[in-house]
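*Asks:* just a sequence and a predicted model for now, questions to come.
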Amino acid sequence: MMANSCGYTIWLRRSQNLLRLSQLQENMISGTHRTHSVRNYKVSVVGAAGGIGQPLSLLLKQNPLIKELSLHDRTNVKGVNMDLSHICTATKVESFQGEDPASLVDALHDSNIVVVPAGMPRKPDMTRDQLLGANGEVAISVSRAMCAACPKALVAYITNPLNTVVPIAAETMKSLGCYDPKRMFGVTTLDIVRARTFLAQRLKLDPAEVNIPVIGGHAGITILPLLSLCSPKLCATPDEWKALTHRIQEAGTEVVKAKAGGGSATLSMAYAAAHFVNSLLRGLKGESGVVECSYVASDVTEAAFFSTPLELGPEGIKKNLGLPKMSDDEKEQLKKMIPELKTSIAAGIDFAQEAICCAKIAEAEAKAKALKKKNDKCKKK
Ligand SMILES: NC(=O)C1=CN([C@@H]2O[C@H](COP(=O)(O)OP(=O)(O)OC[C@H]3O[C@@H](n4cnc5c(N)ncnc54)[C@H](O)[C@@H]3O)[C@@H](O)[C@H]2O)C=CC1
Ligand SMILES: O=C([O-])CC(=O)C(=O)O
């Protein structure tokens, strides 16, 4: 009896420690204390069975603000759902599988946030732009489903080429009359995660102590880390400065090369996206002072989409904080990236317009077919 009760006490202590650990993890992810949080939101992940989708869903299952996690993928998502649903957090998980638009509409129904890591990753020697043919359609199907299922949700795209995918989504939602630029985001958080990591290595600090804005877009020279604003201050030679900027801009390619045909960044991206989704949730619940950089519709430069620090709120973007103060060299780099961003944005608008046109033709053809069928029936009578 004594031994049993002693064993039970040890077990209880251990499980309390376990609980404490998971509470700690939740707090780490959320930046909030569990007792002050409200588990109130539905978050959907499109592409949940993929390299990013799975670890992202695992992290979101631990977020104390999420009541319901809805997983969608074309394939293999049922097992991911079963697996996650055994984790002892109160977040309810459900899954929807299939290529048909109806399964996506069902998955997204009444979501507060839709996060999209669906689509093909790069292989070595590919540019992100080369993914447009394979991935452009993702933004169209998600936009259509959102207009039907959750027109007021915030949407966070991860899918590449991000600089083009977000304009495709915006154009598609516009054509359906449900576009709200305050609610659409391209996730560039991984660039900031990387910048903080590399700068912390250089400064010999904990990355948690390092802050830096990264503006622009999410490909090559359109990724502009503002090293002049690094906190704590970075003292380095111009060559070191250049090398650090280049490393941050090409970090995605570094991972693609290291994975040697096995895809691109997944775990660091899942970490970055979980952080970004948590910031969106904190904004939704009315927390003040939540600021993230993200690629959004913008009028701060000549590019119609651009990432700058944004204050987040219950409606998505509360305030675009605009371009931070830059050094002369950073201003030059900004000038150089704008034509590339404009080209990527124009490609997105063209892609969406073509799809809108095809959809209209298909709709007209279906109507004509139905009318002909009706006329033939009448003639027979
Ligand atoms: N924004 C960023 O910083 C980053 C973006 N990415 C991008 O994220 C995307 C996903 O990467 P991974 O997870 O590594 O790829 P993956 O191939 O491992 O997973 C993609 C998943 O999406 C699913 N999928 C594809 N089309 C779909 C559709 N129309 N509807 C529903 N599900 C669909 C697939 O079945 C698969 O499970 C890629 O385009 C990649 O380039 C990757 C890293 C960083
Ligand atoms: O490089 C890629 O293709 C994936 C990506 O966007 C990143 O890791 O930054």
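*Replies:* Happy to help now that I have it. Ligands and ions are numbered 1, 2, ... in the order given.
*Asks:* residue in the protein with the shortest distance to ligand 1?
*Replies:* Gly50 (2.0 Å; C-beta to the nearest ligand atom). In short, each C-beta sits where N, CA and C put it, glycine included.
*Asks:* how many neighbours does Val80 have?
*Replies:* A count of nearby residues for Val80, using other C-beta atoms under 10 Å, gives 22.
*Asks:* mind listing what the residue nearest to Ile223 when sequence neighbours are not counted touches?
*Replies:* Leaving aside its sequence neighbours, Ile223 sits nearest to Gln249 (C-beta to C-beta, 6 or more residues apart in numbering; 4.6 Å). When contacts are counted by C-beta atoms under 8 Å, 6 or more residues apart in numbering, Gln249 touches Gly220, Ile221, Ile223, Pro225.
*Asks:* same thing with Ile349?
*Replies:* Going by C-beta under 8 Å, 6+ apart, Ile349 touches Pro167, Ile168, Glu171.
*Asks:* pretty sure it is in a strand, no?
*Replies:* No: assessed with DSSP: H, G, I helix; E, B strand; the rest coil, Ile349 is helix; it does not lie in a strand.
*Asks:* coming back round to it: Ala118 is in contact with the residue of the chain closest to ligand 1, correct?
*Replies:* Yes: the pair Gly50 / Ala118 is scored as a contact, 6.9 Å apart, by C-beta atoms under 8 Å.
*Asks:* can you list residues touching both of the two?
*Replies:* Applying C-beta under 8 Å, 6+ apart, one finds that Gly50 and Ala118 are jointly contacted by Asp73.
*Asks:* please, which helix or strand holds Ala355?
*Replies:* Counting by DSSP states H and E, the element that carries Ala355 is helix 328-380.
*Asks:* what about ligand 1: which of the contacts of Ile349 touch it?
*Replies:* Among the contacts of Ile349, proximity to ligand 1 is found for none (C-beta under 6 Å from any ligand atom).
*Asks:* quick check: closest non-adjacent residue to the residue of the chain closest to ligand 1.
*Replies:* Nearest residue to Gly50, sequence neighbours excluded (C-beta to C-beta, 6+ apart): Pro117, at 6.0 Å.
*Asks:* show the contacting residues for the one you found.
*Replies:* Pro117 sits next to 45-48, 50, 52-53, 56, 158-159, 269-270, 273 when contact means C-beta under 8 Å, 6+ apart.
*Asks:* if we go to 7 Å?
*Replies:* For Pro117, the contact set (C-beta atoms under 7 Å, 6 or more residues apart in numbering) comprises Val45, Gly47, Gly50, Ile52, Gly53, Leu56, Ile158, Thr159, Ala273.
*Asks:* pLDDT for those residues - can I get that in JSON lines?
*Replies:* Shown next, in JSON lines, are the contacts of Pro117 (pLDDT from 0 to 100):
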{"residue": "Val45", "pLDDT": "99"}
{"residue": "Gly47", "pLDDT": "98"}
{"residue": "Gly50", "pLDDT": "98"}
{"residue": "Ile52", "pLDDT": "98"}
{"residue": "Gly53", "pLDDT": "98"}
{"residue": "Leu56", "pLDDT": "98"}
{"residue": "Ile158", "pLDDT": "99"}
{"residue": "Thr159", "pLDDT": "98"}
{"residue": "Ala273", "pLDDT": "98"}
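*Asks:* near ligand 2, which residues of the stretch 151-300 of the chain are found?
*Replies:* By C-beta under 6 Å from any ligand atom, the part of the stretch 151-300 of the chain that sits against ligand 2 consists of Asn160, Leu190, Gly252, Thr253, Val255, Val256, Ser264, Ala265.
*Asks:* neighbour count added to these, as CSV?
*Replies:* Below are those laid out as CSV (neighbours: other C-beta atoms under 10 Å):
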residue, neighbour count
Asn160, 26
Leu190, 25
Gly252, 24
Thr253, 17
Val255, 21
Val256, 22
Ser264, 24
Ala265, 23
